[in-house]
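Q: Coordinates only, no sequence provided:
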């Protein structure tokens with residue numbers, strides 16, 4: 001395939017068509033007429049040898065190939081936008097750049113308020129987009145880092161890429177305050193006998209403190225798995241379940257639900273949140289500003 005023969009505008013058209021699933025709406029999104037967008041769709045169909053969009057009744061549905069193209073198309077558009085938005089210098093006071101960071105609801109809860117305060121004072125037009133961490137994004141971390149401004153998550157999951165440390169935290173254990181099994185406090189035995197609510201259960205996804213339990217000979221009896229941290233207190237309160245949670249988040253959520261917070265009965269690996277990024281961003285003035293800003297946020301909340 002000769003890349004020079006392809007029209008970059010077709011990538012933007014494909015992205016809009018896959019997301020909107022409607023020719024008229026996709027055209028409106030790109031500022032194109034319906035006939036012009038239909039012509040783009042026809043060119044894309046010839047290129048891929050696939051219908052991409054199939055009318056079913058009054059709506060369009062994606063073909064299997066089109067559905068498979070959604071993620072890679074989104075990543076490609078992000079990379080192209082970053083290439084053409086690069087500048088030799090960066091002025092946060094006037095820039096309208098959008099930074100995209102993959103992270104957990106926990107990290108957004110802890111650093112979001114201070115980050116937005118700084119942006120409001122120094123970069124009023126800069127926008128932040130936070131994408132939720134999930135297992136596929138971390139398993140294919142190179143693609144994730146190339147197509148975003150970075151990933152904020154603890155040490156122990158990503159290696160071989162540059163990073164800057166942002167803030168530290170520690171693990172605690174949530175339980176219902178009236179759990180009769182814990183009347184005399186939480187022990188190591190309880191970690192193996194009480195039911196758990198776990199987060200991101202899997203070999204590449206579990207929290208480091210949870211993975212530590214296996215090395216200590218403790219196999220948690222997982223009763224429920226969720227892919228976020230903020231719901232943990234609500235799934236523990238009024239039950240016999242326990243859960244590992246970061247101390248900073250537990251403090252923030254204390255006003256919304258009644259849970260007892262117990263220190264870990266073992267030396268849990270501390271949480272050290274960092275911004276991981278691809279080396280291609282290293283010399284970008286805007287990215288340097290983002291890294292420095294996140295480091296400053298960490299200093300304010302530590």
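A: Structure received. This structure is a prediction, so every number in the text was calculated from the model and none was measured.

Q: any idea how far the closest residue to residue 227 other than its chain neighbours is from residue 273?
A: Once flanking residues are discounted, residue 227 sits nearest to residue 200: 5.8 Å by C-beta to C-beta, 6 or more residues apart in numbering. Glycine gets a C-beta too; all of them are placed from N, C-alpha and C. Noted for residue 200: a distance of 15 Å to residue 273, by C-beta to C-beta, to the nearest Å.

Q: So if I had to pick from those two, which one is more boxed in?
A: Taking neighbours as other C-beta atoms under 10 Å, residue 200 and residue 273 compare with residue 273 leading, 24 against 19.

Q: So, low pLDDT: which residues of the stretch 101-250 of the chain?
A: Within the stretch 101-250 of the chain, the ranges that satisfy pLDDT under 70 run 201-206.

Q: what residues are up against the residue nearest to residue 227?
A: Listed by C-beta atoms under 8 Å, 6 or more residues apart in numbering, the contact partners of residue 200 are 133, 135, 206, 207, 225, 227.

Q: Tell me where the stretch 151-300 of the chain has strands.
A: Under the criterion DSSP state E, counting those that start in this stretch, the stretch 151-300 of the chain contains strands at 163-169, 171-175, 195-199, 221-226, 242-246, 260-263, 271-276.

Q: between these, which gets nearest to residue 72?
A: Ranking the strands of the stretch 151-300 of the chain by proximity to residue 72 (C-beta to C-beta) places strand 271-276 first, at 21.2 Å.

Q: Could you list the buried residues of that closest one?
A: Buried positions in strand 271-276, judged by neighbour count with 16 or more other C-beta atoms under 10 Å: 271, 273, 274, 275, 276.

Q: Reformat the contacts of residue 200 into JSON lines and put distance to residue 245 and neighbour count next to each item.
A: Formatted as JSON lines, these follow (distance: C-beta to C-beta, whole Å; neighbours: other C-beta atoms under 10 Å):
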{"residue": "133", "distance to residue 245": "16", "neighbour count": "22"}
{"residue": "135", "distance to residue 245": "20", "neighbour count": "14"}
{"residue": "206", "distance to residue 245": "14", "neighbour count": "21"}
{"residue": "207", "distance to residue 245": "9", "neighbour count": "23"}
{"residue": "225", "distance to residue 245": "14", "neighbour count": "14"}
{"residue": "227", "distance to residue 245": "14", "neighbour count": "15"}
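
Q: For the protein, which segments count as helices?
A: Here the chain has its helices, by DSSP state H, at 8-20, 23-30, 34-48, 64-85, 105-122, 135-139, 141-147, 188-193, 208-215, 232-236, 247-253, 285-301.

Q: Go through the ones you listed and pick out the most buried.
A: helix 232-236 (a mean of 21; mean count of other C-beta atoms under 10 Å).

Q: what's it packed up against?
A: Using 3 or more C-beta pairs under 8 Å, 6 or more residues apart in numbering; DSSP states H and E, the elements in contact with helix 232-236 are strand 171-175, strand 195-199, strand 221-226, strand 242-246.

Q: Starting from the first one, tell me which strands it pairs with and how they run.
A: Pointing back at strand 171-175 there. strand 242-246 (antiparallel), strand 260-263 (antiparallel) (DSSP bridges).

Q: Centre of the chain to the last one, how far?
A: In this case it means strand 260-263. When distances are taken as C-alpha atoms, centre = their mean, to the nearest Å, strand 260-263 is centred 27 Å away from the chain's centroid.

Q: Perfect, I'm done here.
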